[in-house]
Structures are given as structure tokens and as C-alpha cells.
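Novice: give me coordinates for this.
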Amino acid sequence: RNPGFELRWRHFGLTGGAYFRTEAILDAFDPTNYERLDFQGLYAMEGEKVWSSDLSMHLALSARGWTVYPWEESAQNFNQVIEDKAAFAKRWPALNPEAAFEHNHKERYGEPVLAEDDKLLFAYDKLEDVTCHGCLWYQKDAKLPVPSEAPAVQNPADEITTKLSSTAFIALSEDPLDRPEAELPLAARGLPLQGTSPGWLVNNDALVLDGRKGSGGGGILVVQTVLMNVGGDWGSSDDPSARPKWLRAILASNRAHVRQHGHVMALRWQPTQPQLTPWQLVSCSNNHKSHDECGKEFERENFNWEKHLMMQEYLESSEKFSHVLLLDADGVLVRLDHDTLTGMAQRLEQDNKDILVANEDWLQNGDGRINGGMVFAKNSEFSRRFFRDTFDCHVRGAGGTWQLDPQLDQGCTTNEQLLLNDLKGKQFFKEHVMIESGKKYNRGGCTVFGCGEGISDSRMEELGIKDPDLEILHFMGGSKNGAPSVLCAAEHNLTQEGPEGYGCREEPWER
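Specialist: Got it, this is the predicted structure:
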């Protein structure tokens, strides 16, 4: 043990392969010492990641002063192209091509098994959900019932209080990022990130702005996913800092709305792993597709499902947000003159509902169709169970039990938008979800400058951004590139930054 202990390794990586001194294991995992870890407090702060053995083992060893650090002969295989390997290795010491062992080689994932082995395999028609995170516990040598919650620590001195970041609660605070752009992971570059990283953020999500006043938690959170895809729609891995202007204009405009009305905004730039579900891997294996081919095939659907996972995580956050707004990365709040989000919360209260979605009534034949690019949810038991159910359904693919309706036989092998439309006729959906006009809360961006297909009301094009009934524009599909001309116009620059700000400048943003 190191009496002058200092945490040196701040990442995952213990269960891919590791070795430890016997003395360290016997000491750190001794029940007397392990029971001093406040897992109830840790879960309240950090969520599901606490149950990962990668993290919990690290906590146990570090709490006792044992130094955990990668062995120089154990390295990580990085999939991206690295030009300056020396600089990269200084930041990420797990890069060592000369090491004896290298983790993260998945080149053979998804390859079909041999024909004689394939004959031994069979599939179950229905699989029960046996997921059990953080539910198996011991006190001394006694096993607690399964499932059960983590036992409370016995000594008040071992309790963890909610982690506060003083700068996170300063009204309208915008702390500059304190790391050079080149040191950020590729997928995080070129985004309007803050230097503050409050404890309620999930995984590697990043804070854009916290405009709340006071430090009591709550408030309305706006979340968007900006995940680099194969097509490079949200930015290219070749030059990740050069985010497209339409994306910068949208993010800057949403930040301005959040700033103006005292809300919170966060981005998810890295998809949760693993992305591929068991049923997807089976499908790819049956079709003789490699792991990479499988990832590309399901990328779009899985990125869409990430939105429902994000909703679940932040509705269950210890920060206790009153409401969460989910917007696609091409969705934008366009009314700086009044608080759109508080108005949506009031609509839910008026009709005694929990979730607000919008249809596509801005199109001639879209009145009965829900669009999944905007979802607004009250932090209620129904909302939490709803998004837990939808994402669990995606993971299962088919079969399993819905908490909201144990009799429901609903599969989820497509995307989340089709699921919402499949569910809209169910009784629990009718009772708790309100479907509002897309003209107001999720209008196609093309209506401002001309759509390629018929729209339901020509006045939308005539009034454009000045339409008093318009709250949210969605620059879906080919309309994306028109976003800057709308959001950065001199007479109504919705970014509040001017032509040389993050959102409206012609050249890529540089810190």
C-alpha cells in the first residue's frame, strides 16, 4: 500500500486482463474493507457504471491505497488512424504496439462458426430478461436476497454526499474548456463543450451550459446526441474539429435558448458500448457478416435507440431534473422571446400527461404519424418505466416482458420512431402520452425555404421563422444545409453570437 496514494489511472480496463499482488486482493476485497464503500451514494452520483467490475474493482483497490496502472506489456488496440503516435501515447499510455498483449481485437467478431459446430446451436423462441445489475450482495458471509439493493455503510464517515461542482450551478456560467482541442477524443472535437463536468453527467457526456440559478438540482435538461456515423453527417473523423456549419448553428441556437431561460444542456458524443445487441450479432452471424459489417448495418438504428437510453438515464439521474427534452442533433428551439420548455411542461400538466411527442402534420399526409426527433418527458414513474421498457425491448429484439403492460407482445427490431407509432394505440400510451402538432413542436426545416414534397399549409413558407405558432424546427434530411441561413440571419440571429461566433462563422471553430 502507498501511504502517499494518488489516483493515477482514471479509465476502465481491469477486466480485459490484469494481474495483482495477492496481498492487494486479500486486503482490498476483505469484507470489512469492501463494505466501507458507499455503493448507494456512488450509484446516486454515477448511475449504472458503478456496477461494472472494471470500476468497482478499481474503487476497492484505490480506496485501500493500492496503485492500479497498466503494465507496459499490456496495451490497447485503437481503431482510429493516429498520425502523431508519440503525442497520443503521452495522453493515452495504453497505446504501445510493441507490447506483448494488446486488448480490443475484435476483427473476428461476427464470423460464422464451422458447419459442424453450427449444427449444435439452436435459438430460443422467447428469452426471459435476466439482466441483474447491482442486485447481488453479501454482508460478511451472508448472501442477501436476489435482487436487493446495495447495503448502506455503517459508519457515517464513509458516506458519500452528492458531488457538487461549484461552477456548475453559477447562473449562466460558461467555463471555457481547459484542454486543447487536440487532446480531446476525436469524436468530442469541434463541439461547444464547457470546462465544468458535474457529477450527474452520464458516461462521457459533456455539459454545454448550465443556466440554472442556485444549487438545488432540478430544472429542465435539453439533451442531444451528436454521434459520428459512417457517412460523416455530423463531422468527419479525418478532421473532427471541422463540424458542419449547420450543426454548429443548431447547437449554438439551442445553447442560446437554454441560456436565455435558465435551463441545462448536455451532449452525448460517444455511443454507449456495446452497440450491437445479442440478436443483432446472431442475425449477422447467420448472414455471414463480420463484426464491422454488422456495426455498419445497424449503426443508424442503434444511434436512434441511444436517445431512449439517454432519456432513461437522465430521468433516473440523482440531479432530479423535472423534465428532459430530447432533440435530434438537427432539431432547434427557435423562440428566444419566450420559454418554450416551460410552456411544454405546462401543457403536460394541463392534460395530466407524462410525455409529449409531435406528429408530422406539417406534411400533407403526416397527421397520424409520430416523429421521434423530439420527445419531452416529465420526470414521473411512468416516464422512467416507459423509456426503460423501450430500450430493454430494443436490447431483446423480441420476447420478454414490458413493465407497463405484461401482456404486451411487442418486438423492437427496427427503430424507436416505428415503435412509438406501434404503441400509440395501446391504452397505457393513450393515458400518459400526448401527441401535439408537429407544426408547432417539430416542424420540418424545409418549410422555411421550400420543401420537395407537399406541405399541409402554405402559410408556413410565407411566415417562415416569424410564424408565432412555431416553437421547434427540425432540419431533417436534405434541409440541414439550409439551417445557417435561417438561424444566422442578421435580422434574427438565434445564436446570440454574431457572424463570427461558434455557430455562424464560415470557417471551422477554433478555441
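Novice: host element of Val282?
Specialist: helix 278-286 (DSSP states H and E).
Novice: give me the buried positions along that helix.
Specialist: 279-281, 283-285 (16 or more other Cβ atoms under 10 Å). Just so you know, the C-beta spots here come from the backbone N, C-alpha and C atoms, and that holds for glycine as well.
Novice: go on, stretch 305-321?
Specialist: 305-317, 319, 321.
Novice: closest one of the residues you listed to Pro156?
Specialist: Minimum distance to Pro156 across these is 23.3 Å, recorded for Glu319 (Cβ to Cβ).
Novice: what's the offset of the helix holding Val282 from the middle of its chain?
Specialist: What separates the centre of helix 278-286 from the centre of its chain is 24 Å, taken as Cα atoms, centre = their mean, to the nearest Å.
Novice: elements contacting that helix?
Specialist: Counting contacts by 3 or more Cβ pairs under 8 Å, 6 or more residues apart in numbering; DSSP states H and E, helix 278-286 is packed against helix 291-315.
Novice: next structured bit after the helix it packs on?
Specialist: strand 323-327.
Novice: show me what the helix or strand immediately after that following strand in the chain is packed against.
Specialist: Using DSSP H and E, the helix or strand that follows strand 323-327 in sequence is strand 331-333. Counting contacts by 3+ Cβ pairs under 8 Å, 6+ apart, strand 331-333 packs against helix 245-261, strand 472-474.
Novice: so which of those is the most packed in?
Specialist: Neighbour counts (mean count of other Cβ atoms under 10 Å) averaged over each of those peak at strand 472-474, with a mean of 26.
Novice: quick one: mean pLDDT for whichever helix or strand comes after it?
Specialist: Downstream of strand 472-474, the first helix or strand assigned by DSSP H and E is helix 483-487. Mean per-residue pLDDT for helix 483-487: 94.
Novice: just the CA trace of helix 483-487, in PDB.
Specialist: Backbone C-alpha positions of helix 483-487 (Å, rounded to 0.1, in the frame of the first residue of the first chain) are rendered in PDB as follows:
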ATOM      1  CA  ALA A 483     -30.200  25.800 -41.300                       C
ATOM      2  CA  PRO A 484     -27.400  28.500 -41.100                       C
ATOM      3  CA  SER A 485     -29.300  30.800 -43.500                       C
ATOM      4  CA  VAL A 486     -32.300  30.700 -41.100                       C
ATOM      5  CA  LEU A 487     -30.500  30.700 -37.700                       C
END
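Novice: just give me the neighbour total for the residue lying closest to Val486 once chain neighbours are set aside.
Specialist: Nearest residue to Val486, sequence neighbours excluded (Cβ to Cβ, 6 or more residues apart in numbering): Val448, at 5.2 Å. If you count neighbours by other Cβ atoms under 10 Å, Val448 ends up with 25.
Novice: the helices in the stretch 351-500 of the chain, which residues?
Specialist: Along the stretch 351-500 of the chain, counting by DSSP state H, counting those that start in this stretch, helices occupy 381-396, 416-423, 427-432, 438-441, 459-463, 483-487.
Novice: just so I know, which of those lies nearest Pro244?
Specialist: So among the helices of the stretch 351-500 of the chain, helix 483-487 is nearest, using Cβ to Cβ, at 9.2 Å.
Novice: still on that earlier bit, dump the helices and strands packed on strand 331-333 into a markdown table; add distance to Lys213 as well.
Specialist: Shown next, in a markdown table, are the helices and strands packed on strand 331-333 (distance: least, Cβ to Cβ, whole Å):
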| stretch | distance to Lys213 |
| --- | --- |
| helix 245-261 | 11 |
| strand 472-474 | 24 |
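Novice: no more questions from me, cheers.
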